[in-house]
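Chemist: just a sequence and a predicted model for now, questions to come.
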Amino acid sequence: MGDDFGRLAYLVLLLIAVGGFLLVELRERPGKTLRMAAAWGMIFLGAIALSGLWPDIRNAIIPEARMLDGGRIEVPIGDDGHYHLTAEVNGTAIRFVIDTGASSIALGPRDAERIGIDPENLAYIGEAQTANGTVETAPVNLDSVTIGDIRDESVPAVVLRADLEQSLMGMSYLSRFARVSIESNRLILER
């Protein structure tokens, strides 16, 4: 209740200050004041629109993998020096970091929830060594993993009891490809 009252008081004082300024300015220079108010209004609307569209803009800027004929996938290197790939897991798009140091597909709790797995009801019976130390792992079985035209069913994975920004696509899944190589800053996966 105290925080709500404080916010309301702040907003009322801000409205009085801005409103008073506009009233004084409208008396002296009505045309210029209205133009400036309209310009600032457009700037604020633009900032709000940009913040709402940022995920779409970010996805357009970050290079995506390309599916080529013959089961070949080319994954460009990201600005962070890693290879990122979006795959559909159980019908939901999940963004992965391709990690040859990871032994299997490793999902963070948020991605696990997005594909219908409740991380709180899993048996964390394993461990994994990460850059941040040892984390508990729970084995799971993914119904499907789809990348373009390539679809695999009943794919083993683990859910990590650690907060990951992006899930990891490790060697147990990468070994399903006949060829994994790096050419000219592109990771090539071929079936």
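Modeler: It's in.

Chemist: what's the mean pLDDT across the longest helix along the chain?
Modeler: In the chain, assigned by DSSP state H, the helix with the most residues is helix 30-61. Averaged across helix 30-61, pLDDT comes to 71.

Chemist: pull out the buried residues from that helix.
Modeler: Using 16 or more other C-beta atoms under 10 Å as the test for burial, helix 30-61 gives residue 33. Using the backbone N, CA and C atoms, a C-beta is placed for each residue, glycine as well.

Chemist: who are the packing partners of it?
Modeler: helix 2-28 (3 or more C-beta pairs under 8 Å, 6 or more residues apart in numbering; DSSP states H and E).

Chemist: go through the helix it packs on and flag the buried ones.
Modeler: Applying 16+ other C-beta under 10 Å to helix 2-28 flags no residue as buried.

Chemist: got it, and stretch 98-108?
Modeler: Neighbour-count burial for stretch 98-108 [16+ other C-beta under 10 Å]: 98-99, 102, 104-108.

Chemist: among these, which two are most distant?
Modeler: 98 and 108 (15.4 Å; C-beta to C-beta).

Chemist: run the chain-centre distance for the one helix or strand in the chain whose mean pLDDT sits lowest.
Modeler: Lowest mean confidence among the helices and strands of the chain (mean pLDDT, DSSP states H and E): helix 30-61, at a mean of 71. Remark: helix 30-61 is offset 24 Å from the chain centroid, using C-alpha atoms, centre = their mean, to the nearest Å.

Chemist: picking up where we left off before, among the buried residues of stretch 98-108, which are in strands?
Modeler: Applying DSSP state E to these, the entries found in strands are 98, 105-107.

Chemist: adding pLDDT and distance to residue 91, write those out as CSV.
Modeler: Output for these, formatted as CSV (pLDDT from 0 to 100; distance: C-beta to C-beta, whole Å):
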residue, pLDDT, distance to residue 91
98, 91, 21
105, 95, 16
106, 94, 20
107, 95, 15
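
Chemist: looking at these, which one is closest to residue 77?
Modeler: When these are ranked by distance to residue 77 (C-beta to C-beta), residue 98 comes first, at 10.2 Å.
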